[in-house]
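>>> the sequence and its predicted three-dimensional model are supplied below.
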Amino acid sequence: MIRLDDRELVGRARERDRLAAALDEAAAGRGGARVVLGEAGLGKSRLRREAEALARDRGILVLSGRCVEGGAGQPFRPFGEALTNGFRASGPPPDSAVLSHLATLALLVPSWSSRPAIGAPVLAVAEAVLTVLAVAGRGRGVLLSIEDLHWADTDTVAVVEYLVDNAAAHGAGLLVTLRPDPSGPALDVVRRLADRRAASILQLGPLAPAAMDDLVRASLEADAVPADLLEFVRRRADGVPFLAEELLLGLEGAGALRQGPDGPRLMLSRTVTTVPQTLAESIERRLATLGDESRDVVAAAALLGRRFDWHLVAEVTRHDEAAVLASLREATDAHLLEGEGDGIRFRHALTRDHVVARMLPPERAALARRTLAVLEADRAALDGDTSELAAELAELAGHREAASRYLLAAARHARDRGALATAASTARRALGAAPAEADGEAHALLAELHARSGDVDTALAHAAEAGDGATQLDFALAQALLEAGRPTDARPHVERSAERAVDDDDRHARARADLLRVQLVLAESGELARARELAEAILDRPELTPSLRCEALELLGRARRPHDVAAAEAAFATALTTAEAHDLALWRARALHELGTIDLLDRMRLDRLVAARRAAIEAGAPATAAVADLHLAAALVARGDTAAGRAAAERAES
């Protein structure tokens with residue numbers, strides 16, 4: 001299911017273009033050196049393979065070798081590997097200039113001469129390799145590619161420096177990859193080469209979030225991936241492609257990644273974070289350098305999340321603040337932590353995950369209880385994203401009722417951001433943690449979420465389980481029944497939700513109830529003028545959250561559309577801008593769908609409709625995706641593309 005080795009290159013278009021330009025120079029015999037510099041896992045090897053493939057496509061001879069860890073006892077290893085692989089079938093170039101160096105070259109490729117030059121100086125080796133490059137590249141060009149130069153011995157680095165400085169003499173392209181590791185001889189030499197303009201450095205940083213999403217889609221061979229899966233990888237991989245790939249493989253191996261009708265799905269109830277073995281070993285080595293007190297501080301910090309308030313660490317550990325700061329400095333020097341703005345965080349989210357996972361269960365539970373108590377002492381700190389951390393701590397501590405309460409808060413926070421899939425999965429976790437007599441709120445929230453996503457039958461089933469005591473039940477039932485096209489049944493729930501909002505003096509709830517009333521007007525009587533008037537009045541309220549504003553704009557656009565398409569399009573466009581500004585996945589999908597529908601009917605354009613389908617799947621709104629597919633199917637068939645139209649129709653039906 002997961003495609004890694006032959007996947008398209010993602011997020012490195014600028015670097016690829018620079019390497020392609022360097023290959024053009026090599027093909028013309030002008031030579032030049034490019035150094036790809038970056039931390040482990042950022043894609044240096046993938047970029048090198050891309051460059052080698054481009055070179056072969058141009059007819060350029062590729063000579064590829066690599067340094068290995070602990071390779072100080074294998075001088076010149078990458079050159080021997082490169083020459084062996086490049087000339088295995090043909091043997092050394094039959095040119096007198098090369099033949100005069102065969103004894104020296106036999107130090108690199110023993111089969112080239114029975115009389116190797118014992119103790120040949122580094123300069124002799126460098127000149128011999130230069131000669132091979134110059135001869136082999138005549139008329140076609142050569143690319144010498146050396147990977148992991150940070151592991152090279154001093155003599156190998158010296159040869160690389162000589163070849164770079166004398167690029168005009170051999171005309172070959174040189175490509176080197178290395179990490180910014182100051183412990184070996186390579187980095188200083190590369191910096192010197194760059195300072196004197198002999199080599200160009202391509203510095204790789206973490207991939208941007210959008211590129212990480214593209215990487216996940218490409219790895220899963222899916223044009224759309226649910227937002228909760230994208231977020232899971234994005235938050236833990238930190239823009240590092242290798243970590244993203246390892247996370248996907250770990251999810252697949254644990255059965256947490258399943259193929260659904262619309263593509264891959266993340267089964268959050270079975271989600272596990274698999275820390276790659278190499279990273280886990282690195283973390284353990286770094287932890288081993290810390291003192292006992294510092295390891296305790298790091299453990300407490302890990303339970304407070306990737307980004308943490310160091311003052312709370314002092315409260316949890318009961319150490320004085322000076323001692324905690326000293327321990328955090330020690331952990332920072334060991335590259336476990338790093339500064340971020342005016343705070344501190346773990347360098348990688350997976351570092352934090354590993355520190356939590358390595359604790360013994362009783363040790364972890366006891367520390368979680370202390371940490372939760374510290375958080376609960378400041379109730380204001382438990383809003384928004386912090387509620388999910390509190391839920392995690394409650395689960396680790398074995399406090400099921402508290403876990404359910406905090407998970408519900410986190411689910412509502414996700415709902416308000418328009419992240420339906422994340423909200424629903426979190427609400428299901430709350431339902432699983434809640435005592436049987438206290439699960440009404442979770443069922444009511446799930447009813448509302450499924451109604452929003454268009455799964456009306458599931459919404460009504462959860463509503464039936466919620467019971468009358470659930471405060472959100474009327475909102476959930478009203479939404480589900482309106483989505484099901486049953487406005488008469490929805491009316492009493494709309495009215496009751498409005499009455500409760502007034503009684504509770506809850507302005508947010510009043511806005512939600514009034515938006516339901518607009519839907520009711522559109523569904524029951526079709527009084528467009530009345531619906532416009534109500535929607536416009538709601539938009540004037542200063543207390544509207546971004547998600548409620550998007551909903552009001554959508555309803556306003558729907559009320560305008562029959563008589564003024566341009567005004568409707570303006571409302572939907574404002575909804576899209578609002579959704580994108582506040583990262584509201586559901587409302588972005590819905591706005592794109594409305595705009596795409598106008599495009600289709602007015603201009604026969606499909607791009608925003610295609611974008612709407614992807615956005616709907618990623619937001620966890622399959623009904624919106626299905627409607628988009630139906631519209632796409634009709635348009636594609638009308639254009640004569642019956643195969644694509646049939647595929648879209650089949651997706652909608654599934």
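Sure, I can see it.
>>> worst-scoring helix or strand of this structure, pLDDT-wise?
strand 263-266 (a mean of 66; mean pLDDT, DSSP states H and E).
>>> just for the stretch 301-450 of the chain, where's the confidence low?
The stretch 301-450 of the chain contains residues with pLDDT under 70 at 378-385, 436-438.
>>> how about the helices in the stretch 251-400 of the chain?
277-288, 292-303, 310-317, 321-333, 349-357, 361-376, 386-397, 400-416 (DSSP state H, counting those that start in this stretch).
>>> which one of those helices lies nearest to residue 42?
Smallest distance to residue 42 across the helices of the stretch 251-400 of the chain (CB to CB): 13.3 Å, for helix 277-288. (C-beta placed from N, C-alpha, C; glycine too.)
>>> tilt between the closest one and helix 321-333?
140 degrees (axes from the mean of the first three to the mean of the last three CA atoms, to 10 degrees).
>>> next, the angle from helix 277-288 to helix 349-357.
Using the same axes, to 10 degrees, helix 277-288 lies at 70 degrees relative to helix 349-357.
>>> one step back: put together a markdown table for the helices of the stretch 251-400 of the chain, with distance to residue 149 and mean neighbour count on each row.
Converted to a markdown table, the helices of the stretch 251-400 of the chain look like this (distance: least, CB to CB, whole Å; neighbours: other CB atoms under 10 Å):
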| stretch | distance to residue 149 | mean neighbour count |
| --- | --- | --- |
| helix 277-288 | 19 | 15 |
| helix 292-303 | 33 | 21 |
| helix 310-317 | 38 | 20 |
| helix 321-333 | 26 | 17 |
| helix 349-357 | 26 | 22 |
| helix 361-376 | 41 | 17 |
| helix 386-397 | 42 | 22 |
| helix 400-416 | 45 | 22 |
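>>> so which of those comes closest to residue 239?
So among these, helix 349-357 is nearest, using CB to CB, at 10.8 Å.
>>> what helix or strand is the closest residue to residue 497 other than its chain neighbours on?
In space, and not counting its chain neighbours, residue 497 is closest to residue 474: 4.0 Å by CB to CB, 6 or more residues apart in numbering. In this structure, residue 474 sits in helix 473-483 according to DSSP states H and E.
>>> how about the spatially most central residue of the chain, phi and psi?
Computing the C-alpha centroid of the chain and ranking residues by CA atoms, centre = their mean puts residue 234 first, at 2.6 Å. With angles defined as degrees, to the nearest 10, residue 234 sits at phi -60, psi -40.
>>> let me know the pLDDT of the nearest residue to it once chain neighbours are set aside.
Using CB to CB, 6+ apart and skipping residues adjacent in sequence, the residue nearest residue 234 is residue 212, 5.2 Å away. Per-residue confidence (pLDDT) for residue 212: 90.
>>> wait, a helix at residue 212?
Yes: under DSSP: H, G, I helix; E, B strand; the rest coil, residue 212 falls within a helix.
>>> wait, the residue nearest to the centre of the chain touches residue 210, no?
No: under the criterion of CB atoms under 8 Å, residue 234 makes no contact with residue 210, lying 9.7 Å away.
>>> if I pick residue 76, what's in contact with it?
107-108, 125, 155-156, 159 (CB atoms under 8 Å, 6 or more residues apart in numbering).
>>> could I get these as JSON lines with secondary structure, distance to residue 117 and pLDDT?
Converted to JSON lines, the contacts of residue 76 look like this (DSSP: H, G, I helix; E, B strand; the rest coil; distance: CB to CB, whole Å; pLDDT from 0 to 100):
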{"residue": "107", "secondary structure": "coil", "distance to residue 117": "6", "pLDDT": "90"}
{"residue": "108", "secondary structure": "coil", "distance to residue 117": "11", "pLDDT": "91"}
{"residue": "125", "secondary structure": "helix", "distance to residue 117": "9", "pLDDT": "93"}
{"residue": "155", "secondary structure": "helix", "distance to residue 117": "14", "pLDDT": "93"}
{"residue": "156", "secondary structure": "helix", "distance to residue 117": "17", "pLDDT": "93"}
{"residue": "159", "secondary structure": "helix", "distance to residue 117": "15", "pLDDT": "94"}
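>>> and which of these is nearest to residue 300?
Residue 300 lies nearest to residue 156 out of these, by CB to CB, at 44.7 Å.
>>> please name the nearest non-neighbouring residue to the closest one.
residue 76 (5.6 Å).
>>> what is the neighbour count of residue 597?
Residues lying near residue 597 (other CB atoms under 10 Å) number 18.
>>> that should have said residue 249, apologies.
17.
>>> name the element the residue in the chain sticking out farthest from the centre belongs to?
Distance to the chain centre peaks in the chain at residue 115, reaching 55.0 Å (criterion: CA atoms, centre = their mean). For residue 115, there is no host helix or strand (DSSP H and E).
>>> double-check it against residue 104; I have them as touching.
No: the pair residue 115 / residue 104 is not scored as a contact, 10.6 Å apart, by CB under 8 Å.
>>> where in the protein is pLDDT low?
1-7, 71-73, 254, 260-273, 378-385, 436-438, 467-471, 654.
>>> from residue 215, how far off is the residue nearest to the centre of the chain?
Look at residue 234 and residue 215: by CB to CB, to the nearest Å, they are 10 Å apart.
>>> now swap in residue 400 and tell me
For residue 400, the distance to residue 215 - CB to CB - is 37 Å.
>>> cool, residue 363 as well?
From residue 363 to residue 215 the distance is 36 Å (CB to CB).
>>> please apply the same query to residue 377.
For residue 377, the distance to residue 215 - CB to CB - is 41 Å.
>>> how many residues are close by the residue nearest to residue 234?
Residues near residue 212, counting by other CB under 10 Å: 24.
>>> residue contacts, it?
Here residue 212 is in contact with 11, 230, 233-234, 237, 239, 244 (criterion: CB under 8 Å, 6+ apart).
>>> for the closest residue to residue 561 other than its chain neighbours, helix, strand, or coil?
Computed as CB to CB, 6+ apart, the closest residue to residue 561 that is not its neighbour in sequence is residue 568, at 3.8 Å. Under the three-state scheme (three-state DSSP), residue 568 adopts helix.
>>> that older thread, for the helix holding residue 474, which residues meet the burial criterion?
473-483 (16 or more other CB atoms under 10 Å).
>>> try stretch 580-589
582, 584-589.
>>> take those and keep only those in helices.
585-589 (DSSP state H).
>>> can I get the residues you listed in JSON lines including distance to residue 627?
Formatted as JSON lines, these follow (distance: CB to CB, whole Å):
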{"residue": "585", "distance to residue 627": "17"}
{"residue": "586", "distance to residue 627": "14"}
{"residue": "587", "distance to residue 627": "16"}
{"residue": "588", "distance to residue 627": "16"}
{"residue": "589", "distance to residue 627": "11"}
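>>> so which of these comes closest to residue 563?
residue 587 (24.0 Å).
>>> right, and that closest one touches residue 551 too?
Yes: using CB under 8 Å, residue 587 makes contact with residue 551 at a distance of 7.1 Å.
>>> excluding covalently adjacent residues, which one is nearest to residue 513?
That would be residue 498: by CB to CB, 6+ apart, it lies 3.9 Å from residue 513.
>>> tell me, how many residues neighbour the one you found?
Residue 498 has 19 nearby residues by other CB under 10 Å.
>>> quickly find the element holding it.
Per DSSP H and E: residue 498 is located in helix 487-503.
>>> and residue 82, by the same measure?
helix 77-86.
>>> and that helix, how far from the chain's centre?
37 Å (CA atoms, centre = their mean, to the nearest Å).
>>> and the next element down the chain from that helix?
Sequence-wise, the next helix or strand downstream of helix 77-86 (DSSP H and E) is helix 96-99.
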